[in-house]
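**Q** just to be clear, the model below is a prediction. Sequence and coordinates:
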Amino acid sequence: MKILGSAILMFVLLCSCADSKTLSNMPKSDSLYLIKSIDSVNNWYTIYATKNDSSYKIVVKKGNHQNLECKRVITVGQSYNLILHSRKNEAPEINGVKIKPVNSPDVQCYTYDETTNICIEPKKGIYDLYHTPGIKGLCYIVEPQKVIGSNTGNTLYTKKDKYICRERHKNLKKLADLRHVSKAKIYFTN
Amino acid sequence: MSTAHGKPGADILHEVTEAYQGSLISQKSGVSSPAANVAGSVYPKAHAKATNQSGTINETLYDAAGKVMTMTPSGSYPVGITRVEWSVTDKKGARAIIQKL
């Protein structure tokens, strides 16, 4: 009976932890980019993507994605959840001062290394270059998974989630010891 | 820049026609446009409709030793920039600096 009680308590604890942090694993459509083509210039990949009829040119340094233990290689025709940073919205910094001349929108090409200049392509509707933390080499870096769905076999927990649950469990035990009652008899109200 | 590309006057013509095209777009929509580098600006459309620039402008970054800097692997600006140059390449392949900071 005690074992059954403990099992029920653990289940309730897990559910409560999961419920409080449940997030959908559905990709957000507003950050979903369809990869149209992948090109390369010297040591850099230029990845062409589209979203909502707009075109994006993403520049990433080549790297051996096998070294990254890559689980998902970027593939043409597939869509990925990405956060893109615009080159035109950023500016180089000298001693903490952003250098952005008034004519900076007219800059078309950027030096990526000593031998590589990469340009925007207005004729293709590409007026900016982008970079993203979501791609290394051609490897798609999946963001750390939060608790997904309910307490099923598909549920994933991050280290932080597990830590929160463990701490909650410890606190519950402390409280039960303090009140000299069983943990199962402690109820929380919102 | 125009001279380096062998097209004197081409870039001032570009700027004038770009401004004109931008004003037409805003006049039609009835909404003023923010600056060119601000989201929602009519700049990309106006730029595309204007006459062509004489050629391309390139941005290059240098470190304290005067060496060309490499962008970070993710493609963002590196740290430690001490000089930025904007340049064009003329017909003979020579680099002409049009602005330096």
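**A** Nice, I can see it.
**Q** contacts only, for the closest residue to A:Lys36 other than its chain neighbours.
**A** Leaving aside its chain neighbours, A:Lys36 sits nearest to A:Tyr48 (4.6 Å; criterion: CB to CB, 6 or more residues apart in numbering or on different chains). Backbone N, C-alpha and C define where each C-beta goes, glycine included. Going by CB atoms under 8 Å, 6 or more residues apart in numbering or on different chains, A:Tyr48 touches A:Ile35, A:Lys36, A:Ser37, A:Ile38, A:Asp39, A:Ser55, A:Tyr56, A:Lys57, A:Ile58, A:Ile126.
**Q** most neighbours among the residues you listed, please name it.
**A** Sorting the contacts of A:Tyr48 by how many neighbours each has (other CB atoms under 10 Å in any protein chain shown) puts A:Ile58 first, at 24 neighbours.
**Q** A:Asn117 pairs with what?
**A** Beta-bridge partners for A:Asn117, by DSSP bridges, are A:Thr111.
**Q** what is the burial count for A:Ile141?
**A** For A:Ile141, using other CB under 10 Å, the count is 18.
**Q** any idea how far it lies from A:Asn81?
**A** A:Ile141 sits 11 Å away from A:Asn81, going by CB to CB, to the nearest Å.
**Q** doesn't B:Val31 lie inside a strand?
**A** No: going by DSSP: H, G, I helix; E, B strand; the rest coil, the assignment for B:Val31 is coil, not a strand.
**Q** which residue is the nearest non-sequential neighbour of residue 77?
**A** Picked chain A for this. Excluding its sequence neighbours, the residue lying closest to A:Gly77 (CB to CB, 6+ apart) is A:Ile35, at 6.8 Å.
**Q** right idea, wrong chain: chain B
**A** The shortest distance from B:Tyr77 to any non-neighbouring residue, by CB to CB, 6+ apart, is to A:Pro92 (5.0 Å).
**Q** tell me the confidence at that neighbour?
**A** You'll see A:Pro92 listed with a pLDDT of 90.
**Q** got the contact list for it?
**A** A:Lys98, A:Ile99, B:Glu59, B:Leu61, B:Tyr77, B:Ile81, B:Val84 are the contacts of A:Pro92 under CB under 8 Å, 6+ apart.
**Q** with B:Arg83 instead?
**A** Applying CB under 8 Å, 6+ apart, the residues contacting B:Arg83 are A:Ile94, B:Leu61, B:Tyr62, B:Gly66, B:Lys100, B:Leu101.
**Q** from A:Thr132, how far out is the residue most central in space within chain B?
**A** Geometric centre of chain B, nearest residue: B:Ile57, 5.5 Å, by CA atoms, centre = their mean. For B:Ile57, the distance to A:Thr132 equals 25 Å [CB to CB].
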